[in-house]
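> Just a sequence and a predicted model for now, questions to come.
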Amino acid sequence: MLRQIHIKNILAIASATSLFSLSLLCLPALSRGQETDNNSNLGLPTRRIGGGTRGGSHLKDRSAGEQCSSLVALGPKYLVSTTEATPTLFFCLPSIEQPREAKLELSLYDDNDNLVSQTTITPTEQSGIASLPLPTSEGFKELESDRNYRWHLSLVEQGTKNERVVEGWIRRVEMKPNLADKLAEASPIERVQLYQQARLWYEALEELARLKRSNPDDEDVSEQWTALLEGFNLGAIVQVPLLDPNLPSASSRS
């Protein structure tokens, strides 16, 4: 009798284990996986949506998603790796009634919290997605490899108490030789996919934004853009237009 009970227990455990394993196989694969990464923040604070240090604001799904209701950084929430010496960052900018009375200030700090470079940019009245390269200066030409840096973008509207802030961390790494070889032979859309597979999100955004500007009606490009932003949980802004990449820079310093 005891032997029969023991056998039944073993069979029950085996059955439960099989069901658990099957359930794991049925889970959707993290094909994009932007929001989960082994290279996590490791205690590095980020702020992707600019609720403001003195004024409040939140990301909302506007009609047709054609505007940003707040300052939003495009990308994942964790420390992002890049192979670029001075990568381009992407931000969704809200509409501003008096752009001449406002300023965007992009700052870069090293891992000792020293300011290494900073630039002030004049925003436009239109809401849209802006591409901003990391600022360089006489004392700072490029990111050092294998070192963490913190970028910080603030939007200040003069004459108001509304200051919106986003910030995150970036680290320059060496490109793997096999990836470089594949990129050299790939088409532009294949390059985007290769960057995504390598978790080089800023490179993927820059390549895809370039394709969107040159091929605004290409459905494949639009689908890739939508998938990339939805992977960052930013599906509400997939229809926001790209702004002119050459926003006027008011000043730059280190």
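Good, I have the coordinates.
> Count the neighbours of P177 for me.
Applying other C-beta atoms under 10 Å, we find 8 other residues in the vicinity of P177. Quick note: C-beta positions are derived from backbone N, CA and C, even for glycine.
> Could you do G75 as well?
Using other C-beta under 10 Å, G75 is surrounded by 24 other residues.
> got it, and V173?
Using other C-beta under 10 Å, V173 has 14 neighbouring residues.
> surely it meets E84?
No. Taking C-beta atoms under 8 Å as the contact criterion, V173 and E84 are not neighbours in contact, 10.1 Å apart.
> Tell me the spacing between S222 and K212.
8 Å (C-beta to C-beta, to the nearest Å).
> Spit out the residues that contact the two alike.
Shared contacts of S222 and K212, defined by C-beta atoms under 8 Å, 6 or more residues apart in numbering, are not found at any residue.
> show me the contacts for Y109.
L115, V116, Y149, R150, W151, H152.
> Got a ChimeraX select line for the buried ones in the residues you listed?
With 16 or more other C-beta atoms under 10 Å as the burial test, the buried ones among the contacts of Y109 are selected in ChimeraX as follows:
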select :116,149,150,151,152
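> Name the SS class of W169, please.
Secondary structure state of W169, per DSSP: H, G, I helix; E, B strand; the rest coil, is strand.
> hey, what's it bridged with?
Applying DSSP bridges to W169 gives these bridge partners: R150.
> What separation do you get for it and H152?
The gap separating W169 from H152 is 10 Å, by C-beta to C-beta.
> and the residue nearest to T83 when sequence neighbours are not counted, how many residues sit next to it?
Using C-beta to C-beta, 6 or more residues apart in numbering and skipping the chain neighbours, the partner closest in space to T83 is M175 (4.2 Å). A count of neighbours around M175, defined by other C-beta under 10 Å, yields 14.
> how far away is M175 from P123?
Remark: distance between M175 and P123 (C-beta to C-beta) = 33 Å.
> ok so, going back, tell me which of the contacts of Y109 is nearest to A73?
Comparing the contacts of Y109 against A73 with C-beta to C-beta picks out W151 as the nearest, at 8.7 Å.
> doesn't L143 make contact with the closest one?
No. Counting by C-beta under 8 Å, W151 does not reach L143; the two are 10.4 Å apart.
> hey, what's in contact with both of the two?
Overlap between the neighbourhoods of W151 and L143 consists of L134, I170, taking contacts as C-beta under 8 Å, 6+ apart.
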